[in-house]
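In: got a predicted structure plus its sequence, pasted below:
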Amino acid sequence: MFGLERMRALHTVATHGTVAAAASALHVTPSGVSQQLGKLEREAGQRLLEPHGRSVRLTTAGHVLARHAERILAQVEQARADLELLREDVTGTVRVGAIPTTVHALLPPALALLRDRHPGLAVTLEEGEAEETLPRIVAGGLDVAVLDSWEHRPATVPPTLSRTTLLHDVADLALPASHRLAHRKVVDLAEVDDLPWIGWSAGSGCFDWLTRVLRDHGPDARISCAIGNYPTQLALVAGNVGAAVVPRLGRDSVPDGVRVLATRPALNRTIHAVTRAEDADRGVVRACVDAFTSAADRFQHLV
């Protein structure tokens with residue numbers, strides 16, 4: 001029967017294109033890869049490689065077996081990950097980057113749950129917007145990124161990454177209590193034409209999102225304050241400085257002097273946990289995402 005390491009050698013050649021590149025990826029010599037492929041050909045009873053210039057290429061049989069090898073190797077990794085999660089001593093370090101609203105609301109219960117489930121697992125946590133954390137996930141500097149994707153500005157996640165939906169959230173309009181529209185339950189943003197706006201830090205994805213939303217609903221709208229903190233934004237609204245759009249996940253309470261109203265149309269976003277696809281079932285990463293998913297259940301009332 002086909003040996004696992006021989007199937008791995010074939011899959012790596014199919015992925016990297018040459019025996020030399022496959023040897024480098026597998027940290028073995030090219031002759032070692034050739035020997036594994038020769039044994040696999042004898043087991044298969046068919047030619048798997050054929051000369052192509054100074055290199056080789058897969059035959060039709062080689063391509064067929066390489067596709068099976070990919071599925072077999074994925075199943076083996078899945079089995080390894082499942083067994084790792086059954087151990088009580090999931091250990092090591094998992095590196096997490098998360099947007100500020102989730103650091104404030106979701107991450108505390110999620111990390112507490114993770115600590116209870118896997119006390120030997122260390123977590124490092126950094127705050128950052130998607131435009132900061134996604135490149136670090138791709139580069140390997142982070143293991144998990146928690147980010148948002150707005151309907152009006154969906155997050156662009158590279159195909160090499162895997163994402164898990166954690167929860168859905170809605171942003172509401174915050175107005176000074178004395179404003180002429182404050183008695184309403186639902187307000188179209190275009191109706192707020194007599195106040196400047198308070199947005200997230202300039203240059204951030206949230207700032208760009210609000211700029212786009214306001215442009216769609218009111219061409220004369222302007223953002224006069226850029227503050228990377230929702231409690232501070234609400235304090236400024238209470239001081240009659242301007243209006244703000246605040247996600248429900250981003251507020252614990254509403255200060256005196258502020259009225260929170262629904263918007264027409266609703267401003268929706270989805271919170272995702274993003275990992276590298278090849279790491280999605282790695283024990284420490286999967287344990288982290290599972291804890292985040294469990295903790296997110298308590299926030300489902302937001303929508």
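Out: Structure's in. What do you need? Note that this is a predicted model, so its numbers are computed, not measured.
In: any regions of the stretch 51-200 of the chain where pLDDT drops low?
Out: Residues of the stretch 51-200 of the chain meeting the criterion pLDDT under 70: 81, 84-89.
In: I meant to write the stretch 201-303 of the chain there.
Out: Using pLDDT under 70, the stretch 201-303 of the chain drops low at 218-219, 303.
In: let's see that with 90 instead.
Out: 201-209, 212-222, 250-253, 265, 278-283, 298-303 (pLDDT under 90).
In: where along it do the helices fall?
Out: Applying DSSP state H, counting those that start in this stretch to the stretch 201-303 of the chain gives helices spanning 205-217, 230-238, 283-296.
In: now what about the shortest one, what contacts it?
Out: Read it as helix 230-238. Helix 230-238 has contacts (Cβ atoms under 8 Å, 6 or more residues apart in numbering) with 101, 174-177, 198, 225, 227, 242-244, 246-247, 250-252, 254-258. Yep, even glycine has a C-beta here, placed from its N, CA and C like the rest.
In: and if we set it to 7 Å?
Out: Helix 230-238 is contacted from outside by 101, 174-176, 198, 225, 227, 242-244, 246, 250-251, 254-258, using Cβ atoms under 7 Å, 6 or more residues apart in numbering.
In: again with stretch 30-46
Out: Contacts for stretch 30-46 (Cβ under 7 Å, 6+ apart): 2, 5-6, 9-10, 13, 19-20, 22-23, 26, 47-49, 61, 65.
In: could you redo the last one with a cut-off of 10 Å?
Out: The contact list for stretch 30-46 (Cβ atoms under 10 Å, 6 or more residues apart in numbering) reads 1-3, 5-10, 12-13, 18-26, 28-29, 47-49, 56, 59-62, 64-65, 69.
In: narrow these to those in strands?
Out: 49, 56 (DSSP state E).
In: can you flag the buried ones in the contacts of stretch 30-46?
Out: 6-10, 12-13, 18-19, 21-23, 26, 28, 48-49, 56, 62, 65, 69 (16 or more other Cβ atoms under 10 Å).
In: out of these, which are inside helices?
Out: 6-10, 12-13, 19, 21-23, 26, 62, 65, 69 (DSSP state H).
In: returning to that earlier point: can you select the buried ones among the contacts of helix 230-238 for me in ChimeraX?
Out: A single ChimeraX command selects the buried members of the contacts of helix 230-238 (16+ other Cβ under 10 Å):
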select :101,174,175,176,198,225,227,242,243,244,246,250,251,254,257,258
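In: thinking again about what came up before, format the helices of the stretch 201-303 of the chain as TSV; extra columns: distance to Pro108 and mean neighbour count.
Out: Shown next, in TSV, are the helices of the stretch 201-303 of the chain (distance: least, Cβ to Cβ, whole Å; neighbours: other Cβ atoms under 10 Å):
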stretch	distance to Pro108	mean neighbour count
helix 205-217	21	19
helix 230-238	16	20
helix 283-296	9	22
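In: could you dump the ones you listed to CSV with distance to Glu127?
Out: What follows is the helices of the stretch 201-303 of the chain, written out as CSV (distance: least, Cβ to Cβ, whole Å):
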stretch, distance to Glu127
helix 205-217, 13
helix 230-238, 13
helix 283-296, 15
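In: among these, which is nearest Gly92?
Out: Of all the helices of the stretch 201-303 of the chain, it is helix 283-296 that lies closest to Gly92, at 5.0 Å by Cβ to Cβ.
In: which elements pack onto the closest one?
Out: Here helix 283-296 touches helix 60-86, strand 92-98, helix 107-117, strand 121-127, strand 144-150, strand 161-176, strand 267-276, going by 3 or more Cβ pairs under 10 Å, 6 or more residues apart in numbering; DSSP states H and E.
In: residues near Ser134, how many?
Out: One correction, residue 134 is Leu, not Ser. Leu134 has 21 neighbouring residues, counting by other Cβ atoms under 10 Å.
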